[in-house]
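Engineer: fold the stuff below for me.
(one chain, ligands or ions: 1)
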Amino acid sequence: MFQPDREALPLAELRALQLARLQTMVARQYECVPAYRARFEALGLTPDDLRTLGDLARFPLTRKADLRDNYPLGLTAVPRSQLRRLHASSGTTGKPTVVAYDQNDLGVFAEVVARSLYAAGARPGMTFHNAYGYGLFTGGLGLHGGAERLGLCTVPVSGGGTERQVGLILDLQPEVIACTPSYALVLADEFARLGVGPGDTALRSAVLGAEPWTEKTRREVEARLGVTATNIYGLSEIIGPGVSNEDAAEQRGSYLWEDHFYPEIVDPETGEVLPDGEWGVLVLSSMTRTALPVLRYWTGDITRLIPEPNATGRTLRRMDGIRGRADDLIILRGVNVYPTQLEAVLLRMGQVSPHYHIVLTRTGTRDDLLLRVESGTENAALRAEIERSVKALVGVTVRCELCVPGSLPRSEGGKLKRVTDLRVLD
Ligand code: DLL
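Structural biologist: As a prediction, the model looks like this:
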């Protein structure tokens, strides 16, 4: 463990710490964030109503829409001059969701990522190949800060440029790599093409996440890259990567760093809090964040808290792998895409009707998105323009197909299914 005094706190102390931290956070939101205060008041709540952890269920959920409605920085709890970094993730429409960090938050971020990397098998003095994207996405800089905190030598290679990545892995001999699981398979393909075997590099730990993946992918990455692969989970609204990570010696569920992020599992329909072991939507409160403290954030991710005892001596709970989403978020090659973002692009174009349909496919290790749009003309320039606009807005390459008007599915009274996901995750 990187921090045994935190990761293996006696349970009663952990629960007391969580309650105290939640109380502090709610009091600050009440004091400093008018939108939260208004929500509490509408429900007749004050911070004094949070006397036990069970009372938390009376407090309101925060959703992506709340961040959007307060775009860009309306939910921050500190003056602008105290902010030290902004990241952004895809919003459900054209606007991204902006998340803010002050000096304290950057410290929390580095600490939880350092814990995650340590749990994944990284040790001070190792070299770390960081192939998560640097920039507004939290992956690159988030892993970077934690790696420095742990004492790794980081190669900030960022995403893309597979040939160059492979060259750097061969030349610099990193022991640890972080990237999306789908990209780990792309790197494995490139190694195979070059005739490089799993024993020919120094790699021994892979920290994979930002998108759902399976045990089958884990086994494939482990065999082909010669690593132990662990699952890292996180989301921008709570901090970025490092909300939870598996332990390399166990590989059975990701330890939630729940002295910083308080987890609840709720019924997707009723919002009722469910007991450990049941599947539902993960709801997280970022108790120790000061710039953007988020209460009961509805992640949309379906998982469960694992009730069985663990093998590592931690008292923190583990979450299972993400089984699905309770909304229409698509994760394409690690990039978050909402159908409504694609719709916003189409609405700006003339010559197309608002009818569209998304088809997701997987060829080998690569996921693709086909955007089918109705248009009276088969016009290559229009198609290219749609593809270019999607790339500019959402940051991901998709393929567009123009279809005859009237040919795409229409709603038959119920919710129109806009997405056909043909990717097989097994
Ligand atoms: O994806 C943060 C991250 C970066 C996590 C690098 C891990 C590694 P967002 O872009 O805000 O943040 O996307 C968050 O991605 O709600 C999940 O739906 C999905 N996600 C993240 N990690 C996992 C995972 C980053 N390990 C959204 N398994 C989340 C399944 C994941 N889904």
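Engineer: only C-alpha atoms for contact and neighbour calcs from this point on.
Structural biologist: Will do.
Engineer: past the lowest-mean-pLDDT helix or strand in the chain, which element shows up next along the chain?
Structural biologist: Least confident helix or strand of the chain, by mean pLDDT, DSSP states H and E, is strand 324-325 with a mean of 82. Downstream of strand 324-325, the next assigned helix or strand under DSSP states H and E is strand 330-332.
Engineer: pretty sure Gln103 is touching Val78, no?
Structural biologist: No: Gln103 is not in contact with Val78 according to Cα atoms under 8 Å; the separation is 11.1 Å.
Engineer: out of the two, which sits in the busier spot?
Structural biologist: Using other Cα atoms under 10 Å, the more surrounded residue of Gln103 and Val78 is Val78, with 18 against 15.
Engineer: where does the more buried one fall, secondary structure wise?
Structural biologist: Applying DSSP H and E, one finds Val78 in no helix or strand.
Engineer: do the same with the one 10 residues further on
Structural biologist: Assigned by DSSP H and E, Ala88 belongs to strand 83-89.
Engineer: next helix or strand past that strand?
Structural biologist: Taking DSSP H and E, what comes next after strand 83-89 is strand 97-102.
Engineer: mind listing what's buried in that next one?
Structural biologist: 97-102 (16 or more other Cα atoms under 10 Å).
Engineer: and stretch 308-322, by the same measure?
Structural biologist: Quick answer for stretch 308-322 (16+ other Cα under 10 Å): 310, 314-322.
Engineer: report the entries of these that also contact the ligand.
Structural biologist: Ile322 (Cα under 6 Å from any ligand atom).
Engineer: what would the buried residues of stretch 308-322 look like in CSV with secondary structure, distance to Arg164 and pLDDT?
Structural biologist: Output for the buried residues of stretch 308-322, formatted as CSV (DSSP: H, G, I helix; E, B strand; the rest coil; distance: Cα to Cα, whole Å; pLDDT from 0 to 100):
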residue, secondary structure, distance to Arg164, pLDDT
Asn310, coil, 40, 97
Arg314, coil, 39, 98
Thr315, coil, 42, 98
Leu316, coil, 39, 98
Arg317, coil, 39, 98
Arg318, strand, 36, 98
Met319, strand, 35, 98
Asp320, coil, 34, 97
Gly321, coil, 31, 94
Ile322, coil, 31, 91
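Engineer: looking at the buried residues of stretch 308-322, which is nearest the ligand?
Structural biologist: Ile322 (4.9 Å; Cα to the nearest ligand atom).
Engineer: residues from the protein in reach of the ligand?
Structural biologist: So far as Cα under 6 Å from any ligand atom goes, the chain lies against the ligand at 89, 138-139, 209-212, 231-236, 240-241, 299, 301, 322.
Engineer: which ones among these are found in strands?
Structural biologist: Among the residues of the chain next to the ligand, the members falling in strands (DSSP state E) are 89, 209, 231-235, 240-241, 299, 301.
Engineer: got those as a markdown table, with pLDDT and distance to Pro124 columns?
Structural biologist: Output for these, formatted as a markdown table (pLDDT from 0 to 100; distance: Cα to Cα, whole Å):
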| residue | pLDDT | distance to Pro124 |
| --- | --- | --- |
| Ser89 | 86 | 31 |
| Gly209 | 95 | 22 |
| Asn231 | 98 | 20 |
| Ile232 | 98 | 19 |
| Tyr233 | 98 | 22 |
| Gly234 | 98 | 23 |
| Leu235 | 96 | 26 |
| Gly240 | 97 | 22 |
| Pro241 | 98 | 19 |
| Thr299 | 96 | 32 |
| Asp301 | 95 | 32 |
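Engineer: now, the most widely separated pair of those residues?
Structural biologist: Ser89 and Asn231 (20.4 Å; Cα to Cα).
Engineer: more crowded one of those two?
Structural biologist: Asn231 (31 against 21).
Engineer: let me see the domain layout of the protein.
Structural biologist: 1-325, 329-425 (automatic domain parsing).
Engineer: tell me how far the longest one lies from the chain's centre.
Structural biologist: If I follow you right, that is domain 1-325. The chain centre lies 7 Å from the centre of domain 1-325; the measure is Cα atoms, centre = their mean, to the nearest Å.
Engineer: give the buried residues for stretch 370-390.
Structural biologist: For stretch 370-390, a neighbour-count test (16+ other Cα under 10 Å) marks 370-375, 382-383, 386-390 as buried.
Engineer: again, but for stretch 69-89
Structural biologist: Buried, per 16+ other Cα under 10 Å, within stretch 69-89: 72-78, 83, 87-89.
Engineer: output stretch 379-397 as PDB, nothing but the C-alphas.
Structural biologist: C-alpha atoms of stretch 379-397 as PDB (Å, rounded to 0.1, in the frame of the first residue of the first chain):
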ATOM      1  CA  ASN A 379     -22.800  14.600 -51.700                       C
ATOM      2  CA  ALA A 380     -19.200  13.700 -50.900                       C
ATOM      3  CA  ALA A 381     -18.400  17.300 -49.800                       C
ATOM      4  CA  LEU A 382     -21.300  17.400 -47.400                       C
ATOM      5  CA  ARG A 383     -20.200  14.000 -45.900                       C
ATOM      6  CA  ALA A 384     -16.700  15.200 -45.500                       C
ATOM      7  CA  GLU A 385     -17.900  18.500 -43.900                       C
ATOM      8  CA  ILE A 386     -20.000  16.500 -41.300                       C
ATOM      9  CA  GLU A 387     -17.000  14.300 -40.500                       C
ATOM     10  CA  ARG A 388     -14.700  17.300 -40.200                       C
ATOM     11  CA  SER A 389     -17.200  19.200 -37.900                       C
ATOM     12  CA  VAL A 390     -17.600  16.100 -35.600                       C
ATOM     13  CA  LYS A 391     -13.800  15.800 -35.400                       C
ATOM     14  CA  ALA A 392     -13.600  19.500 -34.500                       C
ATOM     15  CA  LEU A 393     -16.300  19.500 -31.900                       C
ATOM     16  CA  VAL A 394     -16.000  16.100 -30.300                       C
ATOM     17  CA  GLY A 395     -12.300  15.300 -31.100                       C
ATOM     18  CA  VAL A 396     -12.900  11.900 -32.500                       C
ATOM     19  CA  THR A 397     -12.900  10.500 -36.100                       C
END
